[in-house]
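> Starting from these lines, generate the structure:
(2 chains)
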There are 2 protein chains.
Amino acid sequence: MTNPHDEHENFSTAIPDGDDRERLVCRECGFINYQNPKIIAGSVVTFGDKILLCRRSIEPRKGKWTIPAGFLEVHETPAEGAMREAYEEATASIEILDLLAVYTVKRISQVHMMYRAKLLSDDIKPGIESLEVGLFTWEEIPWDDLAFPSVHWALGHFREVEGKAGFAPFTNPAEWADV
Amino acid sequence: MTNPHDEHENFSTAIPDGDDRERLVCRECGFINYQNPKIIAGSVVTFGDKILLCRRSIEPRKGKWTIPAGFLEVHETPAEGAMREAYEEATASIEILDLLAVYTVKRISQVHMMYRAKLLSDDIKPGIESLEVGLFTWEEIPWDDLAFPSVHWALGHFREVEGKAGFAPFTNPAEWADV
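Numbering: from 1, shown residues only, chains lettered A, B, ... in the order given. Below is the predicted model of the structure:
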């Protein structure tokens, strides 16, 4: 999840004209390499009383289970990104229902936008970033093998509002506010 | 609002190993310049029955009125970014109440996270990016001189849920879904 820009050897830090903080500026051409937070778009996808999970085939957290989620691409809405990720990771066709949560992982400057979604058909199979995919009842979820804290949070928050509509989206659990 | 990366003369497009779409790759060093959507964090700030607006001193839309909003910085939550912007643009100390809306301007790959907020003191004055700042009743809002469509949307959506709590955040008005 390291931003590759950080590793570009030609950049040094300077405060550009009209700015008020240090940016990465190319020593050769003056190009300003703005660092911006990145958006992760994902969803808790249900099929009846089961939840779609994908076992990661790539680092980080290879072999661990996640809800479908990934970096939002340019020219996408967050909901479209969540749909694309579900398809890429599990060939899952989903319908987005509502925004479940907005989490921030400040340390790595990620904003996670997690939706609730319905799986439209159980014709799922692993995409290139998944070793396997499956539908799990709440009790079957491999809690000790989830890939990321935000997967835990999203599943827990999903459970809190199951059957409800018209709620304010969750943010980080209080004890994880400053991760 | 152009991404300066687009203009860096050393970059050409290529599909990196393990990726599935074209990225900007530096011809000299192979550095991959990922393009990511950017987050705008802002808020509809109220003081009694009045709304805080700022008249822009900078392009784009110099001289037009906006709610306080701007690019989220790294290591910030969207709510913290909205607070910082209110302070930078109007020296406004605000308390974030809830997430009003998530808009996407796909053409320029911006995701706007707009909050409702309370102004804690009317001790406001223009920051460097504002020509003037003011508190407006609904009827006094300079509707014909608002800076951006998302300012119109946020004010309209704010009005729709005035006095309500626990609602799902709005997204783009239907007729502006694909802007």
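> Could you pull up the residues touching A:Ile39?
By Cβ atoms under 8 Å, 6 or more residues apart in numbering or on different chains, the residues touching A:Ile39 are A:Phe71, A:Leu72, A:Pro78, A:Gly81, A:Gln110, A:Val111, A:His112, A:Met113, B:Asn36, B:Pro37, B:Ile39, B:Val111. C-beta coordinates here come from the backbone N, C-alpha and C atoms, glycine included.
> Phi and psi next, for the third one.
Pointing back at A:Pro78 there. phi -60, psi -40 (degrees, to the nearest 10).
> So in chain A, where's the weakest helix or strand by average pLDDT?
strand A:32-33 (a mean of 79; mean pLDDT, DSSP states H and E).
> Okay, and which of the contacts of A:Ile39 map to strands?
A:Phe71, A:Gln110, A:Val111, A:His112, A:Met113, B:Ile39, B:Val111 (DSSP state E).
> Is it possible to get JSON lines of those that adds pLDDT?
Output for the ones in strands among the contacts of A:Ile39, formatted as JSON lines (pLDDT from 0 to 100):
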{"residue": "A:Phe71", "pLDDT": "96"}
{"residue": "A:Gln110", "pLDDT": "97"}
{"residue": "A:Val111", "pLDDT": "98"}
{"residue": "A:His112", "pLDDT": "98"}
{"residue": "A:Met113", "pLDDT": "98"}
{"residue": "B:Ile39", "pLDDT": "98"}
{"residue": "B:Val111", "pLDDT": "98"}
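> Identify, from those residues, the entry nearest to A:Trp153.
Nearest to A:Trp153 out of those is A:His112 (Cβ to Cβ; 8.6 Å).
> any idea how chain A splits into domains?
Domain assignment for chain A, taken from automatic domain parsing, gives A:7-33, A:38-162.
> Let me know which of those domains is tucked in deepest.
domain A:38-162 (a mean of 19; mean count of other Cβ atoms under 10 Å in any protein chain shown).
> so what's the residue sitting nearest the centre point of chain A closest to, chain neighbours aside?
What sits nearest the mean C-alpha location of chain A, by Cα atoms, centre = their mean, is A:Ile40, with 3.5 Å. Spatial nearest neighbour of A:Ile40, excluding adjacent residues (Cβ to Cβ, 6 or more residues apart in numbering or on different chains): A:His112 at 4.4 Å.
> Can you give the distance from the longest strand along chain A to the centre of its chain?
Assignment by DSSP E gives strand A:94-105 as the longest strand of chain A. Its chain's C-alpha centre and that of strand A:94-105 lie 9 Å apart, by Cα atoms, centre = their mean, to the nearest Å.
> Let me know whether that strand sits next to chain B.
Yes. Contact of strand A:94-105 with chain B (Cβ under 8 Å from any Cβ of the partner chain) involves A:Asp98, A:Leu99, A:Val102, A:Thr104.
> ranges for the helices of chain A?
Remark: helices assigned in chain A by DSSP state H are A:78-90, A:149-160.
> Please identify which of those is closest to B:Glu139.
In terms of Cβ to Cβ, the element of the helices of chain A nearest to B:Glu139 is helix A:78-90, at 34.2 Å.
> one step back: least confident of the domains of chain A, on average?
Out of the domains of chain A, domain A:7-33 stands lowest, with a mean of 77 (criterion: mean pLDDT).
> ok, back up a step: any chance of CSV for the ones in strands among the contacts of A:Ile39, columns distance to B:Arg23?
Formatted as CSV, the ones in strands among the contacts of A:Ile39 follow (distance: Cβ to Cβ, whole Å):
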residue, distance to B:Arg23
A:Phe71, 12
A:Gln110, 19
A:Val111, 21
A:His112, 22
A:Met113, 22
B:Ile39, 20
B:Val111, 20
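> and the longest strand of chain A, what does it pack onto?
In terms of contacts (3 or more Cβ pairs under 8 Å, 6 or more residues apart in numbering or on different chains; DSSP states H and E), strand A:94-105 is packed against strand A:38-47, helix A:78-90, strand A:110-119, helix A:149-160, strand B:94-105.
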